[in-house]
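Enquirer: have a look at this prediction, sequence included:
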Amino acid sequence: MLVAHVLDNRPDITGLKFQAYVNFGIVGYADEITPYLKTKEENNANAKNQIEELLAQPGGKHKLLTYCGLDGIFTYQLAMKQMRLLK
């Protein structure tokens with residue numbers, strides 16, 4: 001994310017999901033997981049997210065592990081691309 005800021009510091013474009021779209025054409029890989037990453041308590045920054053609810057569902061663990069794996073892969077691929085751009 002820091003290198004994304006260096007390359008282009010406009011707001012709202014440095015997150016991994018946006019960068020995965022712009023650089024690799026990957027759209028929506030987090031759509032099933034995103035609702036569970038948020039808390040039900042909007043005004044409490046320390047409130048727990050809802051991942052445990054996802055894990056309680058059939059196939060929830062597989063979905064979460066797939067999301068985490070893709071996050072890691074895209075982070076690595078983006079870092080390699082950014083390093084080439086910065087030389």
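Expert: In hand now; what should we look at?
Enquirer: report the separation between Gly60 and Glu42.
Expert: 23 Å (Cβ to Cβ, to the nearest Å). C-beta: built from backbone N, CA, C; applies to glycine.
Enquirer: before we move on, what about Gly69?
Expert: For Gly69, the distance to Glu42 - Cβ to Cβ - is 29 Å.
Enquirer: circling back: of Gly60 and Glu42, who's got more company?
Expert: Set Gly60 next to Glu42 and count neighbours by other Cβ atoms under 10 Å: Gly60 wins out with 17 against 8.
Enquirer: wait, doesn't the more buried one sit right on Glu52?
Expert: No. Using Cβ atoms under 8 Å, Gly60 is not in contact with Glu52; the gap is 9.3 Å.
Enquirer: quick one: neighbours of the residue lying closest to Tyr67 once chain neighbours are set aside, just the number.
Expert: Nearest residue to Tyr67, sequence neighbours excluded (Cβ to Cβ, 6 or more residues apart in numbering): Ile33, at 4.4 Å. Neighbours of Ile33 under the rule other Cβ under 10 Å: 18.
Enquirer: right, and Ile33 touches Leu64 too?
Expert: Yes. Between Ile33 and Leu64 a contact is recorded at 6.5 Å, counting by Cβ under 8 Å.
Enquirer: return every residue with contacts to both of these two.
Expert: Counting by Cβ atoms under 8 Å, 6 or more residues apart in numbering, the contacts common to Ile33 and Leu64 are Leu54.
Enquirer: tell me what the helix or strand bottoming out on mean pLDDT in the chain is packed against?
Expert: When the helices and strands of the chain are scored by mean pLDDT, DSSP states H and E, helix 2-7 comes last with a mean of 87. Here helix 2-7 touches helix 60-86, going by 3 or more Cβ pairs under 8 Å, 6 or more residues apart in numbering; DSSP states H and E.
Enquirer: and the helix it packs on, what other elements does it pack with?
Expert: helix 2-7, helix 16-24, helix 51-56.
Enquirer: contacts for the longest one?
Expert: Outside of helix 16-24, the residues that reach it under the criterion Cβ under 8 Å, 6+ apart are 1, 4, 12-13, 26-27, 29-30, 71, 74-75, 77-78, 81.
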